[in-house]
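*Asks:* what follows is a predicted structure for the sequence shown.
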Amino acid sequence: MQHETRISADYNPATSVLRERVILVTGATGGIGSVVCRQLAASGASVVLLDKELKALEHLYDKIVEDGNPEPAIYPMNLEGATFDHFPEVAQRIQEGMGRLDGLLHAAATLGKPAPLELYDMESWYRTLQINLNAPFMLSRACIPLLRQSDQASVLFTSDHSGRNGAPYGGAYAVSNAGIEGLMRVLAAEMADTTNVCVNSIDPGVVATSLRAQAYPFENPFELTRPEQVAGAFVRLMGPDGRDFHGQSLTVEPCETATS
Ligand SMILES: NC(=O)c1ccc[n+]([C@@H]2O[C@H](COP(=O)([O-])OP(=O)(O)OC[C@H]3O[C@@H](n4cnc5c(N)ncnc54)[C@H](OP(=O)(O)O)[C@@H]3O)[C@@H](O)[C@H]2O)c1
């Protein structure tokens, strides 16, 4: 098992520390992603919401605007079908529409079909690796030139203990998370010294979301940590607190009560 650093999710979103910052979030409408996006906006950031369902994106957009926070931008995109041409277009449209990019949070993921590797379904393998590993690589690659221009940028990959520890039966999901850890380390090493881009990975722990429910359908979600209890750690890493971390595999220390 590799060394993990814990990061507290205790955070006050009313601090406006992310004012004028532009942050792109994939998996924006997901269980964890949606709460993080609302907290990023509550901290003053203009958030680019990227996910595959337009209706869900519009719903989240409305919530952020109703909260009285900076208007987000919506970017509908299915990472499964996206090819390497589509990713530079994301960066280009952010540059044209928002003028800058200060943060990139990868929070989109699919579970694939958990099974032993010797029986693993090949189609699910390709699909899962595409969404969980190839897409974060291609999107990061496309966004680096913009992130380099920021005085304080952050790339945050969401990870999972199954990838860090090689847990059995996680299949392509676990392997893609192991790949994410490698991607984070290589990118962090390449960004060190010559850029202001901090690169880390974060494991939220066990959180009640649809991905978790898919993996463990008989678990009682009300007994699990809620997204609101972990989101603060993600938001902290996108702001000044995040400058203390680079090239690290972080694990969230959830807060007792949810930060809304
Ligand atoms: N929940 C946990 O216990 C836990 C533990 C460790 C790590 N994580 C990590 O936390 C992150 C967030 O997951 P979550 O728990 O919040 O799960 P979630 O609620 O299922 O969120 C995942 C998001 O990714 C989106 N997504 C899936 N396939 C996509 C595609 N092809 N193109 C674009 N977007 C796509 C989903 O959209 P749809 O809803 O439309 O499919 C959803 O909005 C993931 O990286 C996950 O591995 C979660």
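*Replies:* That came through, no problem.
*Asks:* what is the neighbour count of residue 217?
*Replies:* Neighbours of residue 217 under the rule other CB atoms under 10 Å: 7. For every residue, glycine as well, the C-beta is placed using N, CA and C.
*Asks:* report the contact partners of the residue of the chain found nearest the ligand.
*Replies:* Taking CB to the nearest ligand atom as the measure, the chain has residue 30 as its residue closest to the ligand, at 2.2 Å. Contacts for residue 30 (CB atoms under 8 Å, 6 or more residues apart in numbering) come out as 51, 107-109, 209-211.
*Asks:* same check on residue 132?
*Replies:* 108-110, 112, 172-173, 176-177, 179-180.
*Asks:* using the three-state scheme, assign it.
*Replies:* Under DSSP: H, G, I helix; E, B strand; the rest coil, residue 132 falls in the helix class.
*Asks:* do residue 6 as well
*Replies:* strand.
*Asks:* please name the nearest non-neighbouring residue to residue 125.
*Replies:* Nearest non-adjacent residue to residue 125, counting by CB to CB, 6 or more residues apart in numbering: residue 172, 4.7 Å away.
*Asks:* please export the C-alpha coordinates of stretch 226-244 as PDB.
*Replies:* Below are the C-alpha coordinates for stretch 226-244, written out as PDB (Å, rounded to 0.1, in the frame of the first residue of the first chain):
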ATOM      1  CA  ARG A 226     -22.700  12.000   2.300                       C
ATOM      2  CA  PRO A 227     -21.200  14.000  -0.600                       C
ATOM      3  CA  GLU A 228     -21.600  17.200   1.500                       C
ATOM      4  CA  GLN A 229     -19.200  15.800   4.100                       C
ATOM      5  CA  VAL A 230     -16.300  15.300   1.600                       C
ATOM      6  CA  ALA A 231     -16.800  18.100  -1.000                       C
ATOM      7  CA  GLY A 232     -14.900  20.700   1.100                       C
ATOM      8  CA  ALA A 233     -11.600  18.900   0.600                       C
ATOM      9  CA  PHE A 234     -12.000  19.100  -3.200                       C
ATOM     10  CA  VAL A 235     -12.800  22.800  -3.000                       C
ATOM     11  CA  ARG A 236      -9.900  23.500  -0.700                       C
ATOM     12  CA  LEU A 237      -7.500  21.900  -3.200                       C
ATOM     13  CA  MET A 238      -8.700  24.300  -5.900                       C
ATOM     14  CA  GLY A 239      -7.800  27.300  -3.800                       C
ATOM     15  CA  PRO A 240      -4.900  28.700  -1.800                       C
ATOM     16  CA  ASP A 241      -4.900  25.700   0.600                       C
ATOM     17  CA  GLY A 242      -4.100  23.500  -2.400                       C
ATOM     18  CA  ARG A 243      -0.700  25.100  -2.800                       C
ATOM     19  CA  ASP A 244       0.600  23.000   0.000                       C
END
